[in-house]
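Enquirer: need a structure here:
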Amino acid sequence: MKVGIDLGSRTVKAVLWHNDEIISHQITESSFDPHRQALAFLDQYPSAAVVATGYGRHLLQQHRPLNVITEIKAHAIGARHLFAECRTILDVGGQDSKVILLDESGRVSSFQMNDKCAAGTGRFLEMMSVSLGYELEEFGRAAAETDEGTAINSMCAVFAESEVVSLKNRGVPPSVIARSVHLAVAGRLAAMVSKSGYGDHLFFCGGVANNQTLVKLLEIQLGVPVRVPPNPSITGALGAALHPIRL
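Expert: I've put the predicted structure just below:
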């Protein structure tokens, strides 16, 4: 029995792996002490081997003996397990976005990360949805209600929010602004993927991959199918659970 824990910037994900399948998983919001949430999950399985990844992996290691791996490697392992032909991974979480390229054997050959700006991340979409009065789950659906869109020139989170306020004050319908935000984010992510290079399929994971409108816009902009697993948020935790334990 093994447990993979992904302590991300916005959520803590845990996967229990046994007999070649996921027995259970858990996703909780990161609190001030995210490692305590991880420890609460681990306390349910005291005999399980543990591998941790994500921003908080080293903090968790201070409280319990376990193995740690980078989130790059964790997502590579998880994505390759879910989609054997995977060569390009787009991982978009709460505070960063990553493009990971794999070689034929599934090893990481290169990666690109945006962790200096909120643009194109879950946090950015969350800020924009709040500004427009939507729940985050409603935001993507609202953007799908129209084909209209207007340019949002700034992808800085602060300036983009000012543009959204300006559009609202001009009487632009919220659904059109929502569509515009999604188009801007899709353009930013597509540019990252294009810069890194990609093949016939793109594997999309992280919490933002739950946004079906964004998935469809990426497919249009990149011209390839975008593969999204049933639960894209736990890809890193799954990869950690599948990583060999170092004694």
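Enquirer: Got the domain ranges for this protein?
Expert: In the domain annotation for the chain, the residue ranges read 1-83+231-247, 85-228 (automatic domain parsing).
Enquirer: weakest of the ones you listed by average pLDDT?
Expert: Ranked by mean pLDDT, these bottom out at domain 85-228, with a mean of 89.
Enquirer: Need the distance between the two termini of it.
Expert: Counting by C-alpha to C-alpha, to the nearest Å, the length from the leading to the trailing residue of domain 85-228 is 13 Å.
Enquirer: same check, this time on stretch 80-89
Expert: 9 Å.
Enquirer: Also stretch 51-61?
Expert: End-to-end distance for stretch 51-61: 9 Å, by C-alpha to C-alpha.
Enquirer: now the helices for the chain?
Expert: In the chain, helices defined by DSSP state H lie at 34-42, 57-61, 71-82, 122-132, 136-143, 157-169, 174-196, 212-222, 235-242, listed in chain order.
Enquirer: packing partners for the longest one?
Expert: What that stands for is helix 174-196. Helices and strands touching helix 174-196, as assessed by 3 or more C-beta pairs under 8 Å, 6 or more residues apart in numbering; DSSP states H and E, comprise strand 88-92, strand 97-102, strand 108-114, helix 122-132, helix 136-143, helix 157-169, helix 212-222. For every residue, glycine as well, the C-beta is placed using N, CA and C.
Enquirer: ok, H58 - contacts?
Expert: The contact partners of H58, by C-beta atoms under 8 Å, 6 or more residues apart in numbering, come to V68.
Enquirer: State the distance from G94 to G122.
Expert: 4 Å (C-beta to C-beta, to the nearest Å).
Enquirer: whoops, I69 was the one
Expert: Distance check for I69 against G122: by C-beta to C-beta, it reads 22 Å.
Enquirer: The two: which is more packed in?
Expert: Counted by other C-beta atoms under 10 Å, I69 and G122 do not tie: G122 has more neighbours, with 26 against 21.
Enquirer: which residues are contacting stretch 211-226?
Expert: With contact meaning C-beta under 8 Å, 6+ apart, stretch 211-226 is reached by 90, 125, 139-141, 143-144, 182-183, 185-187, 189-190, 193-194, 198-204, 208-209, 228.
Enquirer: Buried residues, that stretch. List them.
Expert: Within stretch 211-226, the residues that qualify as buried by neighbour count (16 or more other C-beta atoms under 10 Å) are N211, T213, L214, V215, K216, L217, L218, E219, Q221, L222, V226.
Enquirer: Please apply the same query to stretch 56-65.
Expert: Along stretch 56-65, these residues count as buried under the neighbour rule (16+ other C-beta under 10 Å): G56, R57, L60.
Enquirer: picking up where we left off before, any common contacting residues for G94 and G122?
Expert: Taking C-beta under 8 Å, 6+ apart as the contact criterion, the common neighbours of G94 and G122 are R10, G207.
Enquirer: Give the full set of residues in contact with the most centrally placed residue in the chain.
Expert: Most central in the chain under C-alpha atoms, centre = their mean is G206, positioned 2.1 Å from the mean C-alpha point. The contact partners of G206, by C-beta under 8 Å, 6+ apart, come to L90, D91, V92, G93, S97, G122, P232, S233, T235.
Enquirer: who's in contact with the closest residue to G239 other than its chain neighbours?
Expert: Setting aside the residues directly before and after it, G239 is nearest to G78 in space (C-beta to C-beta, 6 or more residues apart in numbering), at 3.1 Å. Residues touching G78, when contacts are defined by C-beta under 8 Å, 6+ apart, comprise C205, I234, T235, G236, A237, L238, G239, A240, L242.
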